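Student: after the sequence you'll find the predicted model.
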Amino acid sequence: MTIEHVPLLSIQRELYARPRDRARFEAYLDAMTAKHGDYDVKLPLVAMNPMAGPAAAARLEELIALDAERVVAETVAGLKDELAEQPGGALRLGLVLVDDRAGGWTHRASADLEHRFGHAALRSRGWLDAWWWTSETPTVEAIRAEIRRVAWRATWNARHGSAETLRARLRQEGTVLWAAGGWTTNLSEDELDYTGAVLAPLMDSPLPNVAIAALFGDAAARSLGLEPLGLDENAGLAWAMRAAAGEAR
């Protein structure tokens, strides 16, 4: 697999510099889509909130001040040898600000699920979109980690296809997190063992609501009115990474 970095933050900045009116939304559509009868994606800005307010624009300026595009470019270049023998084809990758703070456009848990396990249509058009959430302060290390996860997820999907059950989703994300360099959790070994016991009878479930509760924990489930499972935040992801790490050793 090969990845080409395509800078997108300046395009998002230009959109947010416009008044929050219909003209801004139409400019967003023009930037994102190619008019070939049926509108098709020419830039992977689907997750962007085109009508976001000053808080999103301020976060975008933080990314630009951090020189996030340079961080993305360097991370993509550093992945060249790692991904050279991996499946996935030739892809382009851009960094997109995703508005989970102001409400109305993006719900964090449901969007995160789609980001990890959807986007097949975007990949089929040769695109990967790395996300930065408006609710989080950007750091160089965290941006690098997101780029690496997106890249390794793409090659996993190319090799194994879409993950349709909780078992497949856990295996995908555990392997991706481990291959991308690991991920820090505060859960103890006993808490991870407990998480595994909770997840065991749910492994064959294809339901998105089960996946949200299992991967992201009770708070995420309750935010959508879903039944919680008695799990801490991101407990399923932490358990999956431990399982992947054990297989890799």
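Tutor: Cool, the structure landed.
Student: give the contact list for the closest residue to P50 other than its chain neighbours.
Tutor: Of all residues not flanking P50 in the chain, Y28 sits nearest, at 3.6 Å (C-beta to C-beta, 6 or more residues apart in numbering). Any C-beta I mention is one placed from the backbone N, CA and C, and that applies to glycine too. Y28 makes contact with L15, L45, M48, P50, according to C-beta atoms under 8 Å, 6 or more residues apart in numbering.
Student: ok, now A17?
Tutor: A57.
Student: could you identify which of the contacts of Y28 has the most neighbours?
Tutor: Of all the contacts of Y28, M48 has the most neighbours under the rule other C-beta atoms under 10 Å, reaching 27 neighbours.
Student: now do the contacts for that one.
Tutor: Q12, L15, Y28, V96, L97, V98, D99.
Student: tabulate these (a markdown table), appending distance to A214, pLDDT and secondary structure.
Tutor: Formatted as a markdown table, those follow (distance: C-beta to C-beta, whole Å; pLDDT from 0 to 100; DSSP: H, G, I helix; E, B strand; the rest coil):
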| residue | distance to A214 | pLDDT | secondary structure |
| --- | --- | --- | --- |
| Q12 | 32 | 98 | helix |
| L15 | 36 | 98 | helix |
| Y28 | 34 | 95 | helix |
| V96 | 26 | 98 | strand |
| L97 | 28 | 97 | strand |
| V98 | 22 | 96 | strand |
| D99 | 25 | 94 | coil |
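Student: and those, which of them are buried?
Tutor: For the contacts of M48, a burial check counting by 16 or more other C-beta atoms under 10 Å picks out Q12, L15, Y28, V96, L97, V98, D99.
Student: contacting residues around the most centrally placed residue in the chain?
Tutor: For the chain, the residue nearest the mean C-alpha position is H115 (4.4 Å; C-alpha atoms, centre = their mean). Going by C-beta under 8 Å, 6+ apart, H115 touches A47, W131.
Student: contacts only, for E61.
Tutor: Counting by C-beta under 8 Å, 6+ apart, E61 has contacts R13.
Student: that should have said V72, apologies.
Tutor: H5, P7, L93, L95, A130, I143, I147.
Student: inside helices: which ones of the residues you listed?
Tutor: Residues of those located in helices (DSSP state H): I143, I147.
Student: switch the contacts of V72 over to TSV; also include pLDDT.
Tutor: Shown next, in TSV, are those (pLDDT from 0 to 100):
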residue	pLDDT
H5	98
P7	98
L93	97
L95	98
A130	97
I143	97
I147	98
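Student: could you point out which element follows the helix or strand bottoming out on mean pLDDT in the chain?
Tutor: In the chain, no helix or strand scores lower on mean pLDDT, DSSP states H and E than strand 38-41, which sits at a mean of 68. Per DSSP states H and E, strand 38-41 leads on to helix 54-65 as the next helix or strand towards the C-terminus.
Student: roughly how far out does that next one sit from the chain middle?
Tutor: Put simply, helix 54-65 sits 19 Å off its chain's centre (C-alpha atoms, centre = their mean, to the nearest Å).
Student: now stretch 151-171 - C-alpha only, CSV.
Tutor: Once non-C-alpha atoms are left out, stretch 151-171 reads as follows in CSV (Å, rounded to 0.1, in the frame of the first residue of the first chain):
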residue,chain,number,x,y,z
ALA,A,151,-3.2,3.7,7.6
TRP,A,152,-3.0,0.3,9.4
ARG,A,153,-6.8,0.1,9.4
ALA,A,154,-6.9,0.6,5.7
THR,A,155,-4.5,-2.3,5.1
TRP,A,156,-6.4,-4.5,7.6
ASN,A,157,-9.7,-3.8,5.7
ALA,A,158,-8.0,-4.6,2.4
ARG,A,159,-6.9,-7.9,3.7
HIS,A,160,-10.0,-8.9,5.7
GLY,A,161,-12.9,-6.9,4.4
SER,A,162,-15.5,-5.2,6.6
ALA,A,163,-15.8,-6.2,10.2
GLU,A,164,-19.5,-7.2,10.7
THR,A,165,-19.5,-8.8,14.1
LEU,A,166,-18.3,-7.6,17.5
ARG,A,167,-15.6,-10.3,17.4
ALA,A,168,-14.3,-9.0,14.0
ARG,A,169,-14.5,-5.4,15.2
LEU,A,170,-12.5,-6.1,18.3
ARG,A,171,-9.9,-8.1,16.3
